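Chemist: Let's see this in three dimensions:
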Amino acid sequence: MKKSHMNNNKGDLLDKSSLIYIIISASLFGISPPLAKLLVNNISPVVLAGLLYLGAFAGLSLYSLVRRKRTIDLTKKAASLERKDLPWLAGAVLTGGIIAPISMMIGLTFISGFSASLLLNLEGVATTMIAVLFFKENAGKRLWLALVCMTLAGIFLTWDSSQGRFSITGPLLIIFAMVCWGIDNNLTHSISDKDPVQIAKIKGFAAGIISLLLGLFLGMKIPLDLAVAFALLLGSFSYGISLVFFIKALEGLGSSRTGIFFSFAPFIGAIASLIILREWIGWVMFPATGLMIIGVWLIVTERHSHLHIHRTKTHIHLHDHSDMHHKHECSGTFHEPHTHEHIHIELAHVHVHWPDTHHRHEHETYNEENPI
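Modeler: The predicted structure is shown next:
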């Protein structure tokens, strides 16, 4: 076993590109509830869910054509899905592509677009809890405190000050959708080192077709008007492009932190609701905003470092040779991103890191006789 105790300065810095990816993803997805609220009055919820994901597939297919013309060297493309990835993908399609959006669209018929937007905050909570409890990601004190702040913010924001009451049916459907998307996020993390566009296209096509067939089976009609075109356009951005950026963020930030950064989406949706639906937020916005800012600050300033071990692993994904995990020989360039099958030798070392593709591990005490 190769052992190193050197600190990696790159780990001290937040992955800026991954942070940009998740902000874009949250923005695109955040505007979907108020816009979908406008559509759900004319399109049945199940059919609308299918149209949104078919729109994602159509938009990404067009993007793939453009990208294919610009990418000549196949070794520089992201790794394609393999047979072993199919169970993870199937689970993600079922939970995040079918069950979650249908629950979301039905929930929108019971509550306002503003309330639905704010309840999106619970996706980050669900993603984090599932990541910690079932996938062995680490949750330090700052992360738990950030979760408390964001949960309290969600409690403030789900209170409808104009009505002075809380309707249970709509919120429960939205919460169920958030749990399903939390499962989806963690399943997708396991294949986040593969081509995100390919993943999103398969997910969009499969989920869209299945939801539409389900709608037709239930006797729901597909209106042939501009509402359908608008639904497809919304899906191409809020579910397609947003999903690509989310998958790219997962690789750099890990499920738990990606999920929490995605909590910006409720605020984006709330602002869109104010502008589009003219739904006033009320006083609850102020304490919720303060709690959210504190939560994000706690996550950004977190430092996670300990002695950990990477077991020997052979896999294929897009990478370069700028970090300590990819110092191997290959026939191509050593500096630009490229894709090929490579071996990660067993390595134990200490550096500040996030739970990304190479750092999803249990956190136990390391010693020479009984390594992690």
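
Chemist: use CA for all of it now, contacts and neighbours both
Modeler: Will do.

Chemist: now the strands for the protein?
Modeler: Assigned by DSSP state E, the strands in the chain fall at 2-3, 305-310, 313-319, 338-344, 347-352.

Chemist: Next, find the distance separating the residue lying closest to Leu291 once chain neighbours are set aside from Arg142.
Modeler: Nearest non-adjacent residue to Leu291, counting by C-alpha to C-alpha, 6 or more residues apart in numbering: Cys149, 5.2 Å away. Look at Cys149 and Arg142: by C-alpha to C-alpha, to the nearest Å, they are 10 Å apart.

Chemist: who's in contact with Ser112?
Modeler: Taking C-alpha atoms under 8 Å, 6 or more residues apart in numbering, we find Ser112 in contact with Lys37.

Chemist: thinking again about what came up before, quick one: residues contacting the residue nearest to Leu291.
Modeler: Leu291, Met292, Ile294, Gly295.

Chemist: these two touch, right, Leu232 and Gly50?
Modeler: No - using C-alpha atoms under 8 Å, Leu232 makes no contact with Gly50, being 9.3 Å away.

Chemist: Neighbour count: the two, which is higher?
Modeler: Remark: of Leu232 and Gly50, Gly50 carries more neighbours, 30 against 24, as counted by other C-alpha atoms under 10 Å.

Chemist: where's that one relative to Gly140, distance?
Modeler: Gly50 sits 39 Å away from Gly140, going by C-alpha to C-alpha.

Chemist: Next: Leu35.
Modeler: 37 Å.

Chemist: Which of the two has more residues huddled nearby?
Modeler: Leu35 (19 against 13).

Chemist: Phe286 - how many residues pack around it?
Modeler: Neighbours of Phe286 (other C-alpha under 10 Å): 14.

Chemist: now swap in Val66 and tell me
Modeler: 11.

Chemist: Leu224 too?
Modeler: 8.

Chemist: Then Ala58?
Modeler: Count around Ala58 with other C-alpha under 10 Å applied: 20.

Chemist: So it is in contact with Leu233, correct?
Modeler: No - Ala58 is beyond contact range of Leu233, at 9.0 Å (criterion: C-alpha under 8 Å).

Chemist: any idea of the mean pLDDT in stretch 137-145?
Modeler: The average pLDDT for stretch 137-145 rounds to 76.

Chemist: what about dumping the CA coordinates of stretch 187-204 to PDB?
Modeler: Written as PDB, here are the backbone C-alpha positions of stretch 187-204 (Å, rounded to 0.1, in the frame of the first residue of the first chain):
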ATOM      1  CA  LEU A 187     -28.400   7.100  -7.000                       C
ATOM      2  CA  THR A 188     -27.200   9.500  -9.700                       C
ATOM      3  CA  HIS A 189     -24.200  10.300  -7.600                       C
ATOM      4  CA  SER A 190     -23.000   6.700  -8.100                       C
ATOM      5  CA  ILE A 191     -22.800   7.300 -11.900                       C
ATOM      6  CA  SER A 192     -21.900  11.000 -11.800                       C
ATOM      7  CA  ASP A 193     -18.500  10.300 -13.300                       C
ATOM      8  CA  LYS A 194     -20.200   9.300 -16.500                       C
ATOM      9  CA  ASP A 195     -21.500  11.500 -19.300                       C
ATOM     10  CA  PRO A 196     -24.200  13.700 -17.700                       C
ATOM     11  CA  VAL A 197     -25.900  14.600 -21.000                       C
ATOM     12  CA  GLN A 198     -26.300  10.900 -21.800                       C
ATOM     13  CA  ILE A 199     -27.700  10.300 -18.300                       C
ATOM     14  CA  ALA A 200     -30.100  13.200 -18.600                       C
ATOM     15  CA  LYS A 201     -31.300  12.200 -22.200                       C
ATOM     16  CA  ILE A 202     -32.100   8.600 -21.200                       C
ATOM     17  CA  LYS A 203     -33.800   9.800 -18.000                       C
ATOM     18  CA  GLY A 204     -35.800  12.400 -19.900                       C
END
